[in-house]
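In: model this:
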Amino acid sequence: MNGPKDNPPVAPLEYFVSPAPFDPHVAEALTPEQERFYMASQWRMMWWRIKRHKLALWSGVFLILMYLTIVFSEFLAPYNLHTRHSRSIHAQPQTVHYIHDGAFVGPFVYKIRFRLDMDTMRRVYTEDKSTVLPVRFFCLGDPYEFWGVIPGRFNFVCPPEGGTLFLWGTDRLGHDILSRIIYWVTNLAHRRPNRHRDQLRVRHADRRACGLLRRLGR
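Out: Okay, the predicted model is just below:
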């Protein structure tokens, strides 16, 4: 049995002594990355969480765009608020097409033909697929007053020459429903709140939406 004298000598451990003065708070010092994270404000942390949630991020972008339509409603609406189409009462929504006879021609609609069904006394609208009507962008349309002050006619989208552009159809008076809704949201945002009046408007909008869904289901 080997004794303690038989063990080989052990080399001394190396150590390092810093010549810098002793700082008792050195353990609490944060790196730039840690400081950016731990010292972030509540708004910055909320923004980080929203960026990680793609659905919330794109929903926020969509909501901002919807609010911007309030400011530029006259520019965005295809028709003026009071424009009527007496020959297109209760017209169905028109579909925007891009390809005609196998060729790409850009956004367009087909001409709408109207006839009165004598058996049911209902208006019947059909697409004339032989007539292609290109949709116009950044064009001169119905006159309006921007913010109720500045007269203008410049629109983001306009109906084609010699045709119509009823993306959401028309109501019983021949008004374009999409344009009316855009103007209605603007008027609702600018007026003082009135509970009774707003309830009546919401009910009227619900009836319009139900009528639109019934026409789409036919």
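In: Please make it C-alpha for all contacts and neighbour counts, starting now.
Out: Will do.
In: Tell me the spacing between residue 74 and residue 144.
Out: Distance, residue 74 to residue 144, using CA to CA, to the nearest Å: 7 Å.
In: Next, show the common contact partners of those two.
Out: residue 80 (CA atoms under 8 Å, 6 or more residues apart in numbering).
In: Compare these two (neighbour count), which wins?
Out: When residue 74 and residue 144 are compared on other CA atoms under 10 Å, the one with more neighbours turns out to be residue 74, at 28 against 20.
In: I'd say the more buried one and residue 149 touch.
Out: No - contact criterion CA atoms under 8 Å: residue 74 and residue 149 do not qualify, at 11.6 Å.
In: Identify, by residue count, the longest strand of this structure.
Out: strand 103-117 (DSSP state E).
In: burial of residue 185, as a residue count?
Out: 15.
In: If we ignore the residues flanking it in sequence, what's nearest it?
Out: Distances taken as CA to CA, 6 or more residues apart in numbering place residue 70 nearest to residue 185, at 6.7 Å, with adjacent residues excluded.
In: and if you look at residue 93?
Out: Using CA to CA, 6+ apart, the nearest residue to residue 93 is residue 169, at 3.9 Å.
In: Residue 87: neighbour count?
Out: For residue 87, using other CA under 10 Å, the count is 12.
In: how much space between the nearest residue to it once chain neighbours are set aside and residue 115?
Out: Among residues not flanking residue 87 along the chain, residue 174 sits closest, at 7.4 Å (CA to CA, 6+ apart). For residue 174, the distance to residue 115 (CA to CA) stands at 15 Å.
In: neighbour count winner among those two?
Out: Using other CA under 10 Å as the criterion, residue 174 and residue 115 rank with residue 174 on top: 18 against 12.
In: give the contact list for that one.
Out: 84-91.
In: now do 7 Å
Out: Contact partners of residue 174, counting by CA atoms under 7 Å, 6 or more residues apart in numbering, are 84-86, 88-90.
In: Then residue 65?
Out: Contacts of residue 65 by CA under 7 Å, 6+ apart: none found.
In: is it fair to say it lies in a helix?
Out: Yes - according to DSSP: H, G, I helix; E, B strand; the rest coil, residue 65 belongs to a helix.
In: Need the pLDDT of it.
Out: As predicted, residue 65 sits at a pLDDT of 86.
In: Next: residue 50.
Out: With respect to pLDDT, residue 50 has a value of 87.
In: Would you report the backbone torsion angles of the one residue sitting closest to the centre of the chain?
Out: Residue closest to the average C-alpha location in the chain (CA atoms, centre = their mean): residue 62, at 3.7 Å. Note on residue 62: backbone dihedrals following degrees, to the nearest 10 are phi -60, psi -40.
In: With that, I have no additional questions.
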